[in-house]
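**Student:** pasting the sequence and the predicted model now:
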Amino acid sequence: MSTYATEHQLARVQADQFWLTQARQLAWHTLPSLGLTTQADGQQRWFADGQLNTAYLAVDAHVDAGRGEQLALIYDSPLAGRVQKFTYNDLLEEVRRCAGLLRQLGVEKGDRVVIYMPMIPQATIAMLACARLGAIHSVVFGGFAANELAVRIDDAQPKVVLAATCGLEVNKIVQYQPLLRSALQLAEHQPEQVVVWERPEQPITEADFVRWQDLLVVAEPADCVVLQATDPLYILYTSGTTGQPKGVVRDHGGHAVALHYSMAALYDTAPGEVFWAASDVGWVVGHSYIVYAPLLRGCTTLMYEGKPVGTPDAGAFWRVVQDHRVKVLFAAPTAFRAIRKTDPDGVLIKDYDLSSLATIFMAGERLDPPTLAWTEQHSQKPVIDHWWQTETGWAITGNPLGLERFPTKAGSSCKPMPGFNVEILDGEGRICAPGVQGYIALQLPLPPGCLTTIWRNQARFESAYLKQFTGFYASGDGGYKDEDGYIFVMGRIDDVINVAGHRLSTGELEAVLGGHEMVAECAVIGVADDLKGQIPLGFAVLKDGVYPDLDDLERALVAKVRNEVGAIACLKQVMIVDRLPKTRSGKILRATMRKMADGEDYQIPSTIEDPAALDEIQQHFR
């Protein structure tokens with residue numbers, strides 16, 4: 001058997017043995033002897049008798065191993081015009097002092113700390129400082145609306161809120177203090193203290209907010225608290241939440257083991273190499289692959305406060321790769337679609353030395369084949385699609401480069417990672433034949449690193465994920481498995497269009513539209529139709545510098561779908577728009593667009609990147 005097949009099979013039939021072997025790669029305080037156990041309350045947990053501290057594993061352990069002078073963290077901000085570098089020694093000192101600051105404020109094991117921060121080093125330092133004390137951090141995306149911040153404060157009930165005075169956008173300063181003040185006025189729960197990092201771009205304006213820098217001066221450095229593997233590390237609220245938020249809980253032990261394993265098995269990285277996840281600490285990618293996984297592996301992690309375009313141009317990503325000798329770049333497909341739109345011929349890529357770059361990984365939304373092909377063609381680097389969720393914390397499927405490199409299939413996120421047993425089920429819970437679309441489900445038990453519960457709501461965890469199919473975690477995504485075992489994720493189940501009884505995937509239709517030479521990115525939604533139930537409606541954003549006759553282009557796009565999918569698709573209209581409405585993490589707001597088209601009531605999601613993009617869509621429906 002191949003290395004991949006061996007590991008996947010072992011993780012399936014001897015899961016305890018497999019994951020205990022992976023656990024031994026880390027510096028535990030007490031090495032676990034138990035794999036998966038069922039607790040008194042019926043919940044299952046990994047490594048229940050193990051003791052460790054994630055912050056120790058991510059920072060102290062590398063210093064203890066004699067690698068204190070290796071770079072741990074690079075902060076690159078074209079928005080602030082600053083680059084800052086921290087060795088593991090530097091990072092250890094910063095984290096110890098920040099943990100001391102929190103301890104001075106009365107923060108202890110089990111207390112919650114809400115972190116409302118932009119992409120600056122203090123966000124990473126704060127997360128590690130919480131982990132050092134056994135406090136549970138809950139990071140809220142910097143600049144989030146006051147109401148959304150308030151409901152998260154009420155749910156997490158933090159003892160302390162850590163924030164910054166502002167965030168930076170292109171030609172704009174985002175004031176955090178008024179948003180935080182409004183959130184505190186809306187929230188029932190009131191933290192004991194609000195501590196604010198004063199950025200050079202904006203002073204503290206709220207008299208009762210305490211200046212972070214002042215507290216650091218008098219803080220006594222804090223050592224690590226020894227924790228059980230099952231102790232909670234963080235709460236992360238799923239994006240787009242309205243009403244009562246859904247807080248995904250991650251533990252210390254399973255999280256550390258899974259992420260450390262993924263850095264070698266999936267991303268093929270070694271200690272000392274530079275890993276760049278071009279995301280935000282407010283999202284799960286930022287938690288897993290900006291802060292924790294690279295540091296657990298002993299890599300150099302990169303925090304980038306900027307955009308793929310506009311800071312200053314579409315060469316921004318390639319400049320960062322060159323300047324910091326990045327080996328692995330991980331970003332959402334939407335970032336590369338933005339680069340492709342602005343620089344369709346890849347002219348700017350040629351200005352930079354990408355010799356350090358081994359691989360580009362993409363996740364966060366379906367990687368459409370045209371974006372895959374464009375990125376590979378112009379970067380001359382392999383592009384790896386992989387699929388995972390906030391709930392899983394690391395990749396469900398991917399091309400495991402550290403074990404075995406499989407051929408790329410456009411539209412597929414490759415094969416299940418060891419530990420994930422992926423099946424395609426029909427509505428009755430029966431396994432579908434290869435090539436047949438259905439519900440993507442993960443056979444229980446889930447591997448280490450996945451959510452252990454929903455904060456303060458185990459019943460919601462079970463109803464949301466475990467009730468639909470007995471013995472399976474329901475992912476909420478639809479797709480199929482081919483005869484080679486490759487998984488094709490076609491989108492959320494509610495993005496499937498039912499046209500006169502025929503189920504069509506929006507992902508399938510978008511792949512055809514996106515293949516047109518003038519289209520930079522696109523979206524397809526299903527709108528209500530009296531005769532057929534639903535019919536598809538397309539939206540397309542054009543590449544910069546192309547000026548076709550729009551009526552001719554629309555007819556060509558409709559014809560392209562008819563030719564490649566068939567008349568059954570019933571796509572009769574494609575609207576040309578300037579931009580698509582998305583969340584800050586790059587997901588297109590298809591469900592909101594569908595409600596607009598059908599004249600239903602809708603709420604603008606708190607995670608929206610540019611509300612004006614929805615306004616443009618609304619204009620087309622009037």
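**Tutor:** Nice, thanks for sending it over.
**Student:** going forward, measure contacts and count neighbours with C-alpha atoms only.
**Tutor:** OK.
**Student:** so what's Tyr486 up against?
**Tutor:** Neighbour list for Tyr486: 412-416 [criterion: Cα atoms under 8 Å, 6 or more residues apart in numbering].
**Student:** those in strands, which ones?
**Tutor:** Within the contacts of Tyr486, residues falling in strands by DSSP state E are 415-416.
**Student:** which one of the contacts of Tyr486 is nearest to Glu554?
**Tutor:** Of all the contacts of Tyr486, Glu554 sits closest to Ser412, with 27.8 Å by Cα to Cα.
**Student:** with adjacent residues omitted, what lies nearest to that closest one?
**Tutor:** With sequence-adjacent residues excluded and distances taken as Cα to Cα, 6 or more residues apart in numbering, Ser412 is closest to Phe488, at 4.4 Å.
**Student:** that neighbour touches Ser413, doesn't it?
**Tutor:** Yes. Using Cα atoms under 8 Å, Phe488 is in contact with Ser413, at 6.3 Å.
**Student:** where does this protein have low pLDDT?
**Tutor:** The chain contains residues with pLDDT under 70 at 239-244, 494-495, 500-503, 568.
**Student:** show me it divided up by domain.
**Tutor:** Per automatic domain parsing, the structural domains of the chain span 3-306+386-479, 500-620.
**Student:** between the contacts of Tyr486, which is nearest Asp385?
**Tutor:** Of these, the one sitting nearest to Asp385 (Cα to Cα) turns out to be Ser413, at 4.8 Å.
**Student:** next, count neighbours for the closest one.
**Tutor:** Neighbourhood size, Ser413 [other Cα atoms under 10 Å]: 26.
**Student:** and it, what does it touch?
**Tutor:** Residues in contact with Ser413 (Cα under 8 Å, 6+ apart) are 384-387, 397-399, 486-489.
**Student:** rerun that using 6 Å as the cut-off
**Tutor:** 385-387, 397-398 (Cα atoms under 6 Å, 6 or more residues apart in numbering).
**Student:** same question, Trp394
**Tutor:** Contacts for Trp394 (Cα under 6 Å, 6+ apart) come out as Trp388.
**Student:** 7 Å instead?
**Tutor:** Neighbour list for Trp394: 259, 388 [criterion: Cα atoms under 7 Å, 6 or more residues apart in numbering].
**Student:** how much space between it and Ile125?
**Tutor:** The gap separating Trp394 from Ile125 is 22 Å, by Cα to Cα, to the nearest Å.
**Student:** repeat that for Ala410.
**Tutor:** 38 Å.
**Student:** those two: which is more packed in?
**Tutor:** Taking neighbours as other Cα under 10 Å, Ala410 and Ile125 compare with Ile125 leading, 22 against 18.
**Student:** would you agree the more buried one is in contact with Glu93?
**Tutor:** No. Between Ile125 and Glu93 there is no contact under Cα atoms under 7 Å: 9.9 Å.
**Student:** excluding chain neighbours, what is closest to the residue nearest the centre of the chain?
**Tutor:** In the chain, the centroid-proximal residue (Cα atoms, centre = their mean) is Val285; its distance is 3.3 Å. Once flanking residues are discounted, Val285 sits nearest to Ser279: 6.3 Å by Cα to Cα, 6+ apart.
**Student:** the one you found: how many residues sit nearby?
**Tutor:** 27.
**Student:** need the contact list for it.
**Tutor:** Counting by Cα under 7 Å, 6+ apart, Ser279 has contacts 285-286, 331.
**Student:** A helix includes it, no?
**Tutor:** No. Per DSSP: H, G, I helix; E, B strand; the rest coil, Ser279 lies outside any helix segment and is coil.
**Student:** report the separation between it and Asp268.
**Tutor:** On the measure of Cα to Cα, Ser279 and Asp268 end up 20 Å apart.
**Student:** one more: Asp549?
**Tutor:** 47 Å.
**Student:** compare the two (neighbour count), which wins?
**Tutor:** Between Asp549 and Asp268, counted using other Cα under 10 Å, the more crowded position is Asp268 (18 against 8).
**Student:** the more buried one: which element?
**Tutor:** Using DSSP states H and E, Asp268 sits in no helix or strand.
**Student:** name the nearest residue to it, sequence neighbours excluded.
**Tutor:** Per Cα to Cα, 6+ apart, closest to Asp268 is Gly402, 4.4 Å.
**Student:** where does the one you found sit: helix, strand or coil?
**Tutor:** Using three-state DSSP, the structure places Gly402 in coil.
**Student:** isn't it right next to Leu266, touching?
**Tutor:** Yes. A contact is recorded between Gly402 and Leu266 when judged using Cα under 7 Å, the distance being 5.6 Å.
**Student:** these two: which has the busier surroundings?
**Tutor:** Just comparing Gly402 and Leu266: by other Cα under 10 Å the higher neighbour count belongs to Leu266, 24 against 17.
**Student:** need the contact list for the more buried one.
**Tutor:** Contacts for Leu266 (Cα under 7 Å, 6+ apart) come out as 399-402.
**Student:** picking up where we left off before, OK, contacts around the residue nearest to Asp268?
**Tutor:** Gly402 makes contacts with 264-268, as judged by Cα under 7 Å, 6+ apart.
**Student:** measure Ile440 to Gly429 for me?
**Tutor:** 10 Å.
**Student:** so those two - more neighbours on which side?
**Tutor:** Neighbour comparison, Ile440 and Gly429: the larger count goes to Ile440, with 28 against 17 (by other Cα under 10 Å).
**Student:** related to what we said a few turns ago, turn the contacts of Ser413 into JSON lines, columns for distance to Asp76.
**Tutor:** Shown next, in JSON lines, are those (distance: Cα to Cα, whole Å):
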{"residue": "Asp385", "distance to Asp76": "25"}
{"residue": "His386", "distance to Asp76": "26"}
{"residue": "Trp387", "distance to Asp76": "27"}
{"residue": "Thr397", "distance to Asp76": "30"}
{"residue": "Gly398", "distance to Asp76": "28"}
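**Student:** let me know the closest of the residues you listed to Arg456.
**Tutor:** Among the contacts of Ser413, and counting by Cα to Cα, the member closest to Arg456 is Trp387, at 27.5 Å.
**Student:** pull the distance from stretch 365-381 to the chain's centre.
**Tutor:** Offset of stretch 365-381 from its chain centre (Cα atoms, centre = their mean, to the nearest Å): 19 Å.
**Student:** stretch 227-241 too?
**Tutor:** 14 Å.
**Student:** what comes up buried for that stretch?
**Tutor:** For stretch 227-241, burial by neighbour count (16 or more other Cα atoms under 10 Å) applies to 227-239.
**Student:** and of the residues you listed, the nearest to Phe336?
**Tutor:** Looking across the buried residues of stretch 227-241 and measuring by Cα to Cα, the closest to Phe336 is Ser239, at 21.3 Å.
**Student:** helices of the stretch 451-600 of the chain, start to end?
**Tutor:** 458-465, 506-514, 550-564, 590-597 (DSSP state H, counting those that start in this stretch).
**Student:** how close does Met575 get to Lys560?
**Tutor:** With distances taken as Cα to Cα, Met575 is found 15 Å from Lys560.
**Student:** oh, that last question was meant for Tyr304, not what I typed.
**Tutor:** Counting by Cα to Cα, the gap from Tyr304 to Lys560 is 39 Å.
**Student:** between those two, who's got more neighbours?
**Tutor:** Neighbours per residue (other Cα under 10 Å) separate Tyr304 from Lys560, with Tyr304 holding more: 24 against 18.
**Student:** look up the residues forming beta bridges with the residue lying closest to that one once chain neighbours are set aside.
**Tutor:** Distance criterion Cα to Cα, 6+ apart; nearest residue to Tyr304, sequence neighbours excluded, is Asp76 at 5.0 Å. Asp76 has these beta-bridge partners by DSSP bridges: Val83, Tyr304.
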